Every structure is written in C-alpha cells, then in structure tokens.
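Student: I would like the atomic coordinates for the input below:
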Amino acid sequence: MQISPTPYSVTRIDRGSPHYPPRLQDLYDPPASLYIYGDIDLLKMPMIAIVGSRSASLDGLKNARLFAQALSETGLIVVSGLATGIDSAAHQATLGLGPNHHTIAILGTGIDVVYPRQNIALSRAISQQGLLISELPLGAGPKAFHFPRRNRIIAALALGVVVVEAAEKSGSLITARMAADLGREVFAVPGPIHNANSAGCHLLIQQGAKLAFRPNDVLEELYI
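Tutor: Numbering: from 1, shown residues only. Got it, this is the predicted structure:
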C-alpha cells in the first residue's frame, strides 16, 4: 500500500507516551509501540468493536452495517480488523455516514501493507477518516500468529465487543473471550440455528454474553 497524501504521517507511540491508549495497559502484554496513521486525537474517544465472520451471510452484513451506523451516531468510534465480511461492512458503513463519523482498523500487518489486498481502497479511506493502527513495524506482512495478537488490541481498546456472526472456532470468539477476560462487555447477535456462522454467537450467549438484536441493547449496557 502506498498511503495517500493527507495531513498525517505515520507516528510511532511508545508505551509510556502520553498518547499511548491507557486501556491497553490492562493487557498482560501491552504492545511496546504502536504505529498510527490518521487523526491521533481519535484515540481519546470511546470505542466499540464490531467483529465477525469473513464469509458472512447477507443478513450478517446487513446487521453489521446496522449496528455500526447506529453506534457511530451516538459518538462511539467503531473498531474492527479490516478483514473481509463483517469487519469490512462495519468500517464501510461508518465511513458512509460522512466525515464526522470515524472508524479504526487494527492491522495484522505493518501499516504500509494491506491485507487482504482487496481492501486497499477501504484502508485508504479509513486512513483519511479514522485511524490505522498496528504494533508491527512497517513492511511486516501477514502471518497467522499476527492476527490473534491483533485481536487482543481490538478487545482492549473497546468498551465492548459486538460479535455479529462467528463460527464455533474463529478469531472473533478469541476477541470476545479476550474482551471478557479484560472486563469489557461482550454482545452477540443471534441468528438461525442451522447457520454455522451463528453457532459461535449462540455459544457466547450460553457463556454469558448479552444477546443483542438491536443497537439499543448495546447502548443500554454501556450506559450511553
């Protein structure tokens, strides 16, 4: 990715810096540094994570857009992981509300590397209307072990995590469980019982996540 010209440049924030997000200190292994591209002041804003399946259903994509826009309209920053499916839908829906609505993508690559490649345009749009964040140095490519580590940053930054669709074994469930361990709120959107992508959400509900079938279910729990 060649980052488009904007008023910003890549900034490295080291742990201990006044700009370092304090919520990351709740992790047992906070990133030593973060690479940031975009409006760094957005780090001070309250955030909600929306995550889910890469192979989302049409209903799942619709729900991701619904939750992202409704939650963004209350002033929350929508955080996700720039993956295909639910992540992309949440980012795109937030951007679509206009320049006063912001989204943050936490990357499993260096900021100058876009994965998946089909999200180059989306990544560029986020960089101009939000933030790209990575703990990985410039040039770092996608590795399988990068993404669970990326997920812990998503979980820590957010007030809560909304899982829209997820299989029983998925990165979204990892994010949700990390969030629960950190004392964040976890919300799961239910779906058809025969849809494999709903199984993870139903499992989370059995384990104590709040069932969320409308955005107000999230807002009521966060007292916003």
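Student: the protein: strands as residue ranges?
Tutor: According to DSSP state E, the chain carries its strands in the segments 11-14, 33-38, 47-51, 77-80, 103-106, 130-134, 160-163, 185-188, 210-211.
Student: which strands and helices sit next to the second one?
Tutor: The one in question is strand 33-38. Secondary-structure packing of strand 33-38 (3 or more CB pairs under 8 Å, 6 or more residues apart in numbering; DSSP states H and E): strand 11-14, helix 120-129, strand 130-134. For every residue, glycine as well, the C-beta is placed using N, CA and C.
Student: just the CA trace of the second one, in PDB.
Tutor: As requested, the backbone C-alpha atoms of helix 120-129 are provided in PDB (Å, rounded to 0.1, in the frame of the first residue of the first chain):
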ATOM      1  CA  ILE A 120      -6.700  -1.300  -0.400                       C
ATOM      2  CA  ALA A 121      -9.400   1.400  -1.200                       C
ATOM      3  CA  LEU A 122     -11.100   0.800   2.200                       C
ATOM      4  CA  SER A 123      -7.800   1.100   4.000                       C
ATOM      5  CA  ARG A 124      -7.000   4.400   2.300                       C
ATOM      6  CA  ALA A 125     -10.500   5.700   3.200                       C
ATOM      7  CA  ILE A 126     -10.000   4.700   6.800                       C
ATOM      8  CA  SER A 127      -6.700   6.500   6.900                       C
ATOM      9  CA  GLN A 128      -8.400   9.700   5.900                       C
ATOM     10  CA  GLN A 129     -11.500   9.400   8.100                       C
END
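Student: what count of nearby residues applies to residue 32?
Tutor: Residues within reach of residue 32, counting by other CB atoms under 10 Å, total 9.
Student: so it is in contact with residue 15, correct?
Tutor: Yes. At 5.6 Å, residue 32 counts as touching residue 15 under the criterion of CB atoms under 8 Å.
Student: against residue 168, how distant is the residue lying closest to residue 82 once chain neighbours are set aside?
Tutor: Excluding the flanking residues, the one nearest residue 82 by CB to CB, 6 or more residues apart in numbering is residue 105, at 4.1 Å. Per CB to CB, to the nearest Å, residue 105 is found 26 Å from residue 168.
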